[in-house]
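S.K.: here is a sequence together with a model predicted from it:
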Amino acid sequence: MLLGVDEQDHWNRIYDRNDAARVSWYRPHLERSLELVELAQLPANASILDVGGGASTFVDDLLDHGFTRITVLDISPKALETARKRLGPRSEAVTWRVGDITRVELPEHGFDFWHDRAVFHFLVDADARRRYVAAARRALSPGGHIVVAAFGLSGPERCSGLDVMRFGEDELHGQFGPDFRKLSGFADVHQTPDGVEQEFVYCYCRLAGGS
């Protein structure tokens with residue numbers, strides 16, 4: 001995967017060339033992710049991090065559910081600006097961060113819920129995946145929740161001009177190790193705006209510690 005400025009430029013170009021509702025990963029609402037948020041039974045003041053949230057409507061739905069401490073992180077300032085404009089005044093209630101999740105500094109034990117739909121599978125380099133997992137381990141509070149969705153074994157081999165990883169359910173959980181206790185895992189079929197079906201697998205875990 002590209003890193004640093006080159007990667008940022010790549011994703012900015014994607015959003016410059018495409019309407020946010022036309023990129024392949026777009027979904028009007030992330031229903032499966034929202035189901036897992038509800039399953040976690042989080043209080044309204046839980047600290048939630050949406051990794052690679054970009055222009056996704058997940059933040060809109062979290063606000064609609066009454067959550068008050070939401071951080072959206074993405075490598076592309078262009079994507080974040082799209083989301084901020086869509087939300088209007090409500091965007092002031094959200095913390096927006098530009099950064100590469102494998103390198104950005106996050107507050108230690110700063111988040112109760114980590115959400116990632118469609119970033120992890122771009123980490124084709126094993127060292128990048130290890131940095132990602134280390135970041136999640138450090139940034140999650142003890143007992144914190146993490147949801148990661150990535151392409152399944154029958155998913156595409158490339159996305160947005162980049163090679164991607166594909167995972168089975170157990171393989172995806174295996175990337176995180178025993179500190180992350182698996183609570184749920186399942187496959188889901190995403191239909192792109194062009195009508196192409198893509199398999200995703202979801203892994204929902206809790207970090208060791210806490211009650």
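M.R.: It's in. Residues are numbered from 1 along each chain as shown.
S.K.: going along the chain, name the strands of the chain.
M.R.: For the chain, applying DSSP state E gives strands covering 47-51, 69-74, 94-98, 111-117, 140-151, 158-159, 162-163, 180-191, 197-207.
S.K.: ok, residue 160 touching residue 17?
M.R.: No. Taking CB atoms under 8 Å as the definition, residue 160 is not a contact partner of residue 17, at 10.3 Å. Glycine gets a C-beta too; all of them are placed from N, C-alpha and C.
S.K.: ok, the two, which is more surrounded?
M.R.: residue 160 (15 against 9; other CB atoms under 10 Å).
S.K.: quick one, what contacts that one?
M.R.: 10-11, 14, 23-24 (CB atoms under 8 Å, 6 or more residues apart in numbering).
S.K.: and the least confident of those?
M.R.: Across the contacts of residue 160, the smallest pLDDT goes to residue 24, namely 73.
S.K.: nearest residue to that residue other than its sequence neighbours?
M.R.: residue 192 (4.5 Å; CB to CB, 6 or more residues apart in numbering).
S.K.: by mean pLDDT, flag the weakest helix or strand of this structure.
M.R.: Within the chain, judged by mean pLDDT, DSSP states H and E, the helix or strand with the poorest mean is helix 4-17; its value is a mean of 76.
S.K.: quick one: that one to strand 94-98, angle?
M.R.: Interaxial angle, helix 4-17 versus strand 94-98 (axes from the mean of the first three to the mean of the last three CA atoms, to 10 degrees): 120 degrees.
S.K.: which residues are contacting helix 4-17?
M.R.: Residues contacting helix 4-17 (CB under 8 Å, 6+ apart): 1-2, 23, 54-55, 74-79, 82, 98, 100, 160-162.
S.K.: the same query, at a cut-off of 6 Å, please.
M.R.: Applying CB atoms under 6 Å, 6 or more residues apart in numbering, the contact partners of helix 4-17 are 2, 75-76, 78-79, 160.
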